[in-house]
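> Okay, sequence plus prediction incoming.
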Amino acid sequence: MHHIDFRVVETDQWFGDAIDISIDGTNMIDLVCEFELPMATAEGTPDIAGGYMGIAASSHLPPSQHFLGIHASSLREDAKTDILWCGDCGEPGCWPLLTRITVNDDCVIWSEFEQPHRTARSKKTPWVYDCFGPFEFDRTQYELSLVNAAKKS
């Protein structure tokens, strides 16, 4: 299983503090950037690889169940969860990274990652995340990290 850490970091964004995520000690944005770089480079835009920031801590940490895949409202039909937002403007829909969050009795799984602006529905060549993840976390450790981050926000 993987180890996840959620922590709150200050930003100068309109939404305030953000949620910083690390998996096995590596920042999530760095992991995604490394994975996306070949796809972004192939389309001639290497600078957009990993172009993310953490999402708003004030509305997405407990008591919110966002990181358990439960949303207050969702316009998405596939029930994927945004875990990172646009690194330039901080807007949720501008350049989000999505994943399917599956919660079992003893684990939480992140799978089926997606950049919605680089899917088969977009005008650009699709970015395929089949080899990124899945990441499986111990549910107790996962939820404890979320609660601890919420206490510090």
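In hand now; what should we look at?

> how about the helices in the protein?
Secondary structure of the chain (DSSP state H): helices located at 28-42, 57-60, 139-151.

> I'd like to know which of the ones you listed lies nearest to Val9.
Val9 sits nearest to helix 57-60 of all the helices of the chain, at 8.2 Å, using C-beta to C-beta. Just so you know, the C-beta spots here come from the backbone N, C-alpha and C atoms, and that holds for glycine as well.

> tell me the most buried of the helices of the chain?
helix 57-60 (a mean of 19; mean count of other C-beta atoms under 10 Å).

> List the contacts of that one.
The contact list for helix 57-60 (C-beta atoms under 8 Å, 6 or more residues apart in numbering) reads Val8, Phe15, Gly16, Asp17, Ala18, Ile19, His66, Phe67, Ala149, Ala150, Ser153.

> so how far is it off the chain centroid?
13 Å (C-alpha atoms, centre = their mean, to the nearest Å).

> Return the alpha-carbon coordinates of it using PDB.
Extracted C-alpha coordinates of helix 57-60, given in PDB (Å, rounded to 0.1, in the frame of the first residue of the first chain):
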ATOM      1  CA  ALA A  57      -8.700  23.500   2.100                       C
ATOM      2  CA  SER A  58     -11.600  25.400   3.500                       C
ATOM      3  CA  SER A  59     -14.200  23.500   1.500                       C
ATOM      4  CA  HIS A  60     -12.600  20.200   0.800                       C
END
